[in-house]
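Visitor: here is my input; please provide its structure:
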Amino acid sequence: DCLKCQKINPACINEKFCFVDGQPRMSLQYKTDDDYLKNQALLGIIVSVILAIFLFVVILIAGCTYRKNRKLLLQ
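Guide: Have a look, this model is predicted:
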């Protein structure tokens, strides 16, 4: 009700205006599965390390192929 809102001082309100809709207030509780979070983090780390190693090997092979082809071209 906007009329009541305009009459209420925002710094300090009466107790009867605290729960206008009459609903009880409760904190939300979420079920946390710590094992799943740890496994998910571990999986992410493993995938990142494997991709980094794979990329390093690909760059190494490309470098070796480049040197080999360069030697062939200079002959």
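Visitor: where in the chain is pLDDT low?
Guide: For the chain, the stretches with pLDDT under 70 are 1-35, 37.
Visitor: now the helices for it?
Guide: 2-7, 34-74 (DSSP state H).
Visitor: redo the ones you listed as CSV? Include mean neighbour count.
Guide: C-betas here are computed from N, CA, C, even on glycine. Converted to CSV, the helices of the chain look like this (neighbours: other C-beta atoms under 10 Å):
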stretch, mean neighbour count
helix 2-7, 8
helix 34-74, 10
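Visitor: ok, now how distant is Ile53 from Tyr66?
Guide: 20 Å (C-beta to C-beta, to the nearest Å).
Visitor: try Val57
Guide: Distance of Val57 to Tyr66, computed by C-beta to C-beta: 15 Å.
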